[in-house]
Structure formats: structure tokens, C-alpha cells
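Engineer: build me a model from this:
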Amino acid sequence: MTEQLMTEREPGVRGLWQWASMAAGVFLVGAAPSVLAGTSDDGAMTTDGVVWNARNAEHLFNRAAFGITSEELEDVLEHSLEEVVDELLSSSTSPSEPFYAERAGDGQYRQMRSLPEEERRRVRVQVRAADRQQMNDYASFWVDQMVGYEDPLRDRITLFWHGFFTTSSRDVRRSYEVIQQHQLLRSNALGSYADMLRAIVRDPAMLYYLDNNANRRGKPNENLARELMELFSLGEGNYTERDVKEVARALTGYSANREGGFELNRRQHDDGIKRILGERGRFDGDEVVELLLKQEACAEWVARRLIGFLEGVEPELSRLREYAGLLRNEDYQLRPFLRRLFLDPDFYRDEIVGTRVQSPVDFVVGMVRRLDVHPPARYLLLAAGNLGERLFEPPNVKGWEGGESWITTSSLLQRGNVAGLVLGVVDLQAAFEEEGIAERRGQPSRRRASDRVRDAAPEMDMDIDMDIDMDIDMDIDMDSDLSSMDEAMNPEGEGGSRGGSRPIPRSLRVLRSAVGSGYRPRINLTWRMQSTGARDDAEILDALLSSLLAIEAPVETRAMLLEYLRSERMSSRIREGELLAAAATCEDILRRLAHLILSLPEAQLG
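Structural biologist: Residues are numbered from 1 along each chain as shown. Here you go, the predicted structure:
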């Protein structure tokens, strides 16, 4: 039996969806949920005050990577915390083979001069389509890297720098430059922040994004200068408007050339005397960076952002200054900073463990790793985007707000739909047919699934159609996929119906197309539960909760899930203790139970 799209249902055991969606507004403002008990593990090792047990190991990998499977957890607990942290850091010393990117239209634009105008337009369209496809391919490549787990800490910290040194491919529209910037951040993610800052003022994608090509002597553009200080180095309040104007002068002539490289246009560079942060000289952009790195505020800003990203809360002032001092003393090298943080007992305090809302990327990557399934990277990319985190397209130069802003009632429902498609238990067509039939019969109308999708995070409200258009635009094969899906699902057209079915929103059709009609999750939950030795309902539920959640489910939640499992088993006329021997029926029940678990508020924390 195939489950329908998550909707707000009637109360009762099968109404857990409604309970979960309502709880989304509760767990964010209430007390922190209980986490896996940690200090009672027999024989747990201790390193400098940190008890090395399942609770803390899970926490480390939720923050330093993208979660951990039950098998991996058993393995890491055979080693000390220090050994595990050193392994995380050492495995990131050699970045994997980079993606090969090509400049759009290399050679083609030069040949266009001799072509008729109509032919030129055709070539331009082809070049732009190829460029969009390359950007799309690279984004999927990065998602594959995250899921593949070859270098989890590098990709985790690259995700941080991706939201720190923001650039939008939608604004730059030059995939080669955007990819080169991302490879710069990924290769240096665990190296030197100072080197990244030095490189970013010469980075072509950043120069395009912040309009520095228009920054010329006598007519300065302040965009890069302002963001360089406010977002990339010092933080707001640690510079003056005079500093912004003077730094903009220092950056005049810093531009990107047509070959995708950096170029200093000396004719447009202002080499006059400037006064910046209390110092006087003929500073250029490179020298400005050195001035910024000397400021105490710079190390404090980077330390605050990094700790906030990894812990989910702002550090106390004394702790912030301790880590900022470490960063300065290590010449902005990041490995010593991260090693100290991951060995710090404060990193494992109750206020931190299991209380951070997962970003959409965290959720989708962590989910497929815990399930050990392999949907197309394109699906995961689109799913994260529809949940509010579109890689390479931050909402603005400040990046994503993060934290509690990731979750609303409807975005929680949408996360459940993403999990359901991955598990193979959500049937989009059935869900919308049911809504249409209910309305035709004059039954009380529930809110449309399409309306629920559009009720996601507020910043997505007005732009969802435009955003999905961009998704389709970025994938040159998507239009034909959607056309064939439309014919199959809505033979009477977008506004028509087949037996009263409601047209599936384009956002969900794109997701369904991305996961592919031939996708079948290679997962055997029945075998996995048998492997744990579970027999009765309670043991099966606990084993599944342990494998899918990073934190412990509240007692009431566990009781409701147990009643759901019992009800499903009894409706199939299976006796207690015999479920795992019921083959296909068991697998269907377990997948729907897993879908419920992954749709809970607790599944959004890590």
C-alpha cells in the first residue's frame, strides 16, 4: 500500500502528521528535548573531562559531519575522542579530485562575429544553456561529495564558508567563476582563513557579485568594501563609514577579466593616500586585507561565526576571546581551532547537544545516510532548495538566517514529503486525487497541499514559482521530463482533472521528476530490524528510533508511535512478535513508520 502526500489529518493514531506539524511550533520555544543518556555507559572513555559515549559521538558527527550510522557509531566508540578528532582532521589533508569546469563559450563567441544575427542568438542560447547545466552538474557533484562521506569535515566546513563568503550563481551567471570560487573555499576550508580572505578580494565571482568591476578611480563603488569589513572580516560596528569609502578607493581597479581570471586595471586604480582603521598609506586591496587581519575584531568575528555555526548558539564573551586568541596565535590556521573546539567539554554541554535545528542540507544528507539509500543527487539538491536552502543561491549577501527560521508548520510537512519520496511511500497523484474527490462530494475541504507547500518559510512565499522555474531552467532536460509527467498525471491540462484530481504543484512535480520514475529505494528495514535482535513492537520501534534520530524521542511521542505500529500490525492480522516474519507486509509497515519518524520535530534536530 502506498501512502499519500502528508496532509493535515483527523485526530487519532493516524493523525500523527497533524500532531507533528503542531509540535513544530512547540519544540522550538519549549524546553530542550531530552538527549541520549551518556554518562552511564559502562567503560566509556574520558578525554579531558569529556565522556566518550554514544551521546557525545553522535553529537560530534552531527556537527563536524552530516550524522553517523549505527555501524559507524560502534566503530568510533572503539577509539578515544582524541583519536577520532585527529582522524577527522587528518582525513581532510588531501582534497579529492576536483570537478573539471569549462568556461562558457570558449571559442564559440570568437566565431560568432562572422555569423548572421539569428545564428548568433542560437549560439548564445546554447552557450547559456550549457553554462546553466554545468552549474547544475557541479551543485549535484557537491551533494554527492557530502553523501559519499569521503571528506565529511571538509564538506561541513565548506558549507560554513559557502554561507560566509556568499556569492549567488543567479546574479553572477558565470558557472566557471562560481565553481572556481567554491573550489577555492573547499580546498582551503580547513587551512588558513587569512589565505582565503587574501584570495577573495581577487576572486572573479566575488568581484562580479559585488560589482567591483564598476569600482573605478574617481567613481568608487562601495559594495565590496562594505561587505569585506561587515561580513567577511570585522563585523558590524568595528569600522566607520569613512573606512568604507577609503577601502573602496583601495579596491578600485580590482576586476575580473573575460578569461575568468583576476586583473588589476592600473588606469582605474586610485593609488592616492588613504586613511583606514587609523593607519595612513597608499593602500591597495591586498594591503587592506593585511590591515584587517591585524584587528582583534577580525579574529573575534571569525571565531564567533564558526562557533555559532558548529554549536548553534553564540559563545560567551570569555570563551569567544579565548578562541579568537587561539586563531590569532595560529596565524588564522583553522585545524588547531577546530581540534580545540571538538575536544572542549563545553562543546558537549546539554545546552548544545541535540538542540540545533538542522538546515535543509543537513536534513536531506543526514536522512539518506541514516537510511543508507541513494536517490539521485539532483533530487537532494532540489529538495534542500525547496525547503529553503538553495546551494549557490543564498537569499542575499548575508547568506541564510538559519536556526529556528528553517522550521514552520508547513515546512515540517514538506520535509516529511521529501522523506516519503526517498522511502518510496509517498504517492503524489493519489494525494491530489483524494483532495479533488473530497471537494466534489461536498465534504469539508482541507487546505490544499499546494497551499501548504506555498506556506513554507516566509521568504519563499512569493517566489516559489519563480524559483522552480529557475530549477527547470538550470536543467535542460527537465522540461521534457515535466511534459511527460503532466500528460500522465493531468491529461486534461494543468487546470483540468482526471476524475477530479487536483493538479500537482510544480514544485512537487519537479521533485518527483528529479527522483525519477525508475527510482526504488534499496532498503530492507525488515532485515535491519532482524539484525538488531528485535522481536516485539517496542523493540522494533526502539531500534528504528535509534537508527533514524539523533536525539531521544519524548515519552509521549514514543507512546504514540508504538500505538501506531501496534495498530498497523493488528490491522494486518499479525500477532505480536511475528511482524518481522511477515515479509512484504512488514516492510511496508516499517517504511511508513520510518516516514512518520523522519517527519517528527525530533528528526529536525541534531
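Engineer: can you give me the helices in the stretch 1-150 of the chain?
Structural biologist: Counting by DSSP state H, counting those that start in this stretch, one finds helices in the stretch 1-150 of the chain at the ranges 16-27, 54-64, 70-76, 81-90, 108-111, 117-148.
Engineer: let's test this: mean pLDDT of the last one, rounded?
Structural biologist: Averaged across helix 117-148, pLDDT comes to 91.
Engineer: same check, this time on the shortest one
Structural biologist: Per-residue pLDDT over helix 108-111 has a mean of 68.
Engineer: how about the second one?
Structural biologist: Per-region confidence: helix 54-64 scores 96 on mean pLDDT.
Engineer: hey, which of the helices of the stretch 1-150 of the chain is tucked in deepest?
Structural biologist: Of all these, helix 54-64 carries the top mean neighbour count, a mean of 23, counting by mean count of other Cβ atoms under 10 Å. Backbone N, C-alpha and C define where each C-beta goes, glycine included.
Engineer: which strands or helices does the host helix or strand of Arg339 pack on?
Structural biologist: Using DSSP states H and E, Arg339 sits within helix 334-343. Using 3 or more Cβ pairs under 8 Å, 6 or more residues apart in numbering; DSSP states H and E, the elements in contact with helix 334-343 are helix 54-64, helix 81-90, helix 152-164, helix 296-311, helix 317-329.
Engineer: distance of the nearest residue to Arg520 once chain neighbours are set aside relative to His374?
Structural biologist: Excluding the flanking residues, the one nearest Arg520 by Cβ to Cβ, 6 or more residues apart in numbering is Gly424, at 6.3 Å. With the distance defined as Cβ to Cβ, to the nearest Å, Gly424 ends up 13 Å from His374.
Engineer: if you count surrounding residues, which of the two has more?
Structural biologist: Neighbours were counted for Gly424 and for His374 using other Cβ atoms under 10 Å; Gly424 has more, 19 against 16.
Engineer: quick one: the more buried one and Arg592 touch, right?
Structural biologist: No: proximity of Gly424 to Arg592 does not meet the contact threshold set by Cβ atoms under 8 Å, at 10.4 Å.
Engineer: about what we covered before: quick one: the residue nearest to Arg520 from Ser513, how far?
Structural biologist: The separation that Gly424 has from Ser513, given Cβ to Cβ, amounts to 16 Å.
Engineer: go on, Asp155?
Structural biologist: Taking Cβ to Cβ, one finds Asp155 at 26 Å from Ser513.
Engineer: again, but for Ala324
Structural biologist: 47 Å.
Engineer: quick one, what contacts the residue nearest to Arg520?
Structural biologist: Shown in contact with Gly424 (Cβ atoms under 8 Å, 6 or more residues apart in numbering): Tyr519, Arg520, Pro521, Arg591.
Engineer: Leu525 is in contact with the last one, correct?
Structural biologist: Read it as Arg591. Yes: applying Cβ under 8 Å, one finds Arg591 in contact with Leu525, separated by 6.2 Å.
Engineer: so these two - more neighbours on which side?
Structural biologist: Neighbours per residue, other Cβ under 10 Å: of Arg591 and Leu525, the larger number sits with Leu525, 24 against 20.
Engineer: report the secondary structure state of the residue nearest to the more buried one when sequence neighbours are not counted.
Structural biologist: Distances taken as Cβ to Cβ, 6+ apart place Leu590 nearest to Leu525, at 4.0 Å, with adjacent residues excluded. Secondary structure assignment for Leu590 (DSSP: H, G, I helix; E, B strand; the rest coil): helix.
Engineer: what pLDDT does Leu590 get?
Structural biologist: Value for Leu590, per-residue pLDDT: 98.
Engineer: Glu259 now?
Structural biologist: Glu259 is given a pLDDT of 89.
Engineer: how about the one 3 residues further on?
Structural biologist: For Phe262, the pLDDT comes out at 97.
Engineer: surely Glu568 and Ile589 touch.
Structural biologist: Yes: using Cβ under 8 Å, Glu568 is in contact with Ile589, at 4.8 Å.
Engineer: neighbour count for these two, which is higher?
Structural biologist: The neighbour comparison of Glu568 against Ile589 (other Cβ under 10 Å) goes to Ile589, with 24 against 21.
Engineer: so what's that one up against?
Structural biologist: Leu565, Glu568, Arg569, Ser572, Leu579.
Engineer: now for these, which sits with the most neighbours around it?
Structural biologist: Leu579 (24 neighbours).
Engineer: gap between that residue and Gln180?
Structural biologist: Here Leu579 is placed at a distance of 53 Å from Gln180 (Cβ to Cβ).
Engineer: check Ala248 too.
Structural biologist: 24 Å.
Engineer: next: Ala225.
Structural biologist: The value you get for Ala225 to Gln180, if Cβ to Cβ is used, is 22 Å.
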